[in-house]
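**Student:** Got a sequence here, can you model it:
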Amino acid sequence: MAQQIRELTAQQELRDAELLDKTTFVQEPEEEPETDDDGMLCPESRMDKLCIAIRDIILKEKAYRNPAFSRDYVIERLGTSRTLFVDAFYSCFGMSFPEYINSLRLKDAVRLLEQSDLSIEDISEKTGFGTLRTFQRQFQKNYNLSPKDYRDSANK
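**Tutor:** Prediction:
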């Protein structure tokens, strides 16, 4: 089981690295101009810029490690609407905001469970889960194993 979790975590690391390297999320036809007749950015360009801004906040700043980090924080910071944010996020990341944030937090938690002597409660805090109970519930839900059991099996 520990090996499967390591493999899932490695896949997440690769996806994150690919996202960090991306310079465009939305494929625009080459003939289409970057602006419309009124000089406004085309919808594809706006969506692309929004995806890049979201990616930078989440992955470059690692804002997801803050337990207070939320979709509303990103929406307010970027000055966009909730509907546009939700549509852009799913289009660019292929999953919902909560799913993606939990996957990043769990990936960090797996690494800390394997490589540190931090308590499970400290790991919960460092990875951005609001409470120990939330961390344990999400870990169990995603990996069918408690964080303690994972640490025990990973360190054998």
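
**Student:** Figure out how far stretch 102-117 is from the centre of its chain.
**Tutor:** 13 Å (C-alpha atoms, centre = their mean, to the nearest Å).

**Student:** Give me the below-cutoff pLDDT ranges for this protein.
**Tutor:** Across the chain, the ranges flagged by pLDDT under 70 are 26-44.

**Student:** quick one, helices of it?
**Tutor:** For the chain, the helices defined by DSSP state H cover 2-21, 43-55, 71-78, 82-93, 97-115, 120-126, 132-143, 147-154.

**Student:** Arrange the ones you listed in TSV, one row each, with distance to Arg65 and mean neighbour count as further columns.
**Tutor:** To be clear about C-beta, it is placed using only N, CA and C from the backbone, and glycine gets the same treatment. TSV is the format used below for the helices of the chain (distance: least, C-beta to C-beta, whole Å; neighbours: other C-beta atoms under 10 Å):
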stretch	distance to Arg65	mean neighbour count
helix 2-21	14	13
helix 43-55	16	18
helix 71-78	13	14
helix 82-93	18	16
helix 97-115	7	19
helix 120-126	7	18
helix 132-143	13	17
helix 147-154	17	17
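
**Student:** which stretch among those comes nearest Tyr64?
**Tutor:** Closest to Tyr64 of those is helix 97-115 (C-beta to C-beta; 5.0 Å).

**Student:** Show me what that closest one is packed up against.
**Tutor:** Applying 3 or more C-beta pairs under 8 Å, 6 or more residues apart in numbering; DSSP states H and E, we find helix 97-115 packed against helix 2-21, helix 71-78, helix 82-93, helix 120-126, helix 132-143, helix 147-154.

**Student:** cutoff 7 Å now
**Tutor:** helix 2-21, helix 120-126, helix 132-143, helix 147-154 (3 or more C-beta pairs under 7 Å, 6 or more residues apart in numbering; DSSP states H and E).

**Student:** need those helices in CSV with distance to Cys92, can you?
**Tutor:** As requested, these are exported to CSV (distance: least, C-beta to C-beta, whole Å):
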stretch, distance to Cys92
helix 2-21, 9
helix 120-126, 27
helix 132-143, 22
helix 147-154, 30
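
**Student:** Asn66 is nearest to which of the ones you listed?
**Tutor:** If we rank these by C-beta to C-beta, the stretch that ends up nearest is helix 120-126, at 10.4 Å.

**Student:** Quick one: distance of stretch 84-99 to the chain centre.
**Tutor:** Worked out by C-alpha atoms, centre = their mean, stretch 84-99 lies 10 Å from the chain centre.
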